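> Pasted the sequence and its predicted model underneath.
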Amino acid sequence: MMVAITVYLVWTFATYLFEGRINLLHRDDPLGRFEYSVIVNMIIGTVIAILAIKPSITASGPLSLSQIGFRSVKNTVVLVTVAGTMGFLLFVIQGPASLNPIVISNVYSQTLPTSVAEVVVCWAVIGASMESFSKNKFGKKLSVIVGIITSTVLFGVYHSAHSEPFNQINMVMILMLPGLLTSIVYFVGRNIYATIVFHNFQALFGVVASVEIERMLQVQFPVVLLAVASVLVLIIMDKFILRKKSKAFLDGK
């Protein structure tokens, strides 16, 4: 559990250094955004986070692949489709500033590297670890509730390291609502890819409302490439790190 908390604190502090400290979201700083995406979210929030909990994923360890959300390809395809549909419908119901597909794809790509790290750290690392840690004391069902509450609260608190207005107390509290929805999707579906797809749609509404729509009407290829890279990093960690020696204990069906 201490490893999970340490990962969360390091990632949150790195978010502050590379993003919140300099109000990156309010600056036209492509290099800064690149550094933030790669260093904070891909390296710390994905690679280091997964490496940190890998020793706990064994046949007799506290965590399993299926518990943290790494499942079969078939399971992933089905749940990504379901979660993506749910996420998109929730986005549309809220009445977004634009439904232009290019705008949506640009913004979705812009937020995806952060969403990948958020789900890995707040849910796969913190949530699953807290669930496992509390199972002996509270039982299977109540430990899931503990995991949901912990993930939701710490997801909100982590935003205090972000740029304004996300670092304000009222916004931190508000963001716990989409965090709760993500927690439900994660702990019910137990699929990290589906959770990321759904969670990123939760971020989409607020970001679309805050960007200059005119600047998003052309495909932003560097942003799209970063988004693709963030997913590839997760897939590589999944296939070549987590599952490399998993035949004896893999239960991610």
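Good, I have the coordinates. Residues are numbered from 1 along each chain as shown.
> just checking, what packs against the helix or strand harbouring Pro222?
Pro222 is part of helix 221-236 when elements are defined by DSSP states H and E. With contacts defined as 3 or more Cβ pairs under 8 Å, 6 or more residues apart in numbering; DSSP states H and E, helix 221-236 has these neighbours: helix 30-35, helix 101-118, helix 192-210. C-beta coordinates here come from the backbone N, C-alpha and C atoms, glycine included.
> Can you say which of the ones you listed is packed in most?
Highest mean neighbour count of the helices and strands packed on helix 221-236: helix 192-210, a mean of 23 (counted as mean count of other Cβ atoms under 10 Å).
> what about stretch 164-173, start to end distance?
Using Cα to Cα, to the nearest Å, the end-to-end distance of stretch 164-173 comes out at 14 Å.
> For that stretch, list every residue counted as buried.
Neighbour counts over stretch 164-173 (16 or more other Cβ atoms under 10 Å) mark 166-167, 171-172 as buried.
> Contacts made by it with the rest, please.
With Cβ atoms under 8 Å, 6 or more residues apart in numbering as the contact definition, stretch 164-173 has outside contacts at 20, 23, 25-26, 156-157, 159-161, 175.
> Name the residues of the helix holding Pro222 that are buried.
Going by neighbour count (16+ other Cβ under 10 Å), the buried part of helix 221-236 is 223-224, 226-227, 230-231, 233-234.
> What is the nearest of those residues to Pro55?
If you rank the buried residues of helix 221-236 by distance to Pro55 using Cβ to Cβ, Leu234 comes first, at 18.9 Å.
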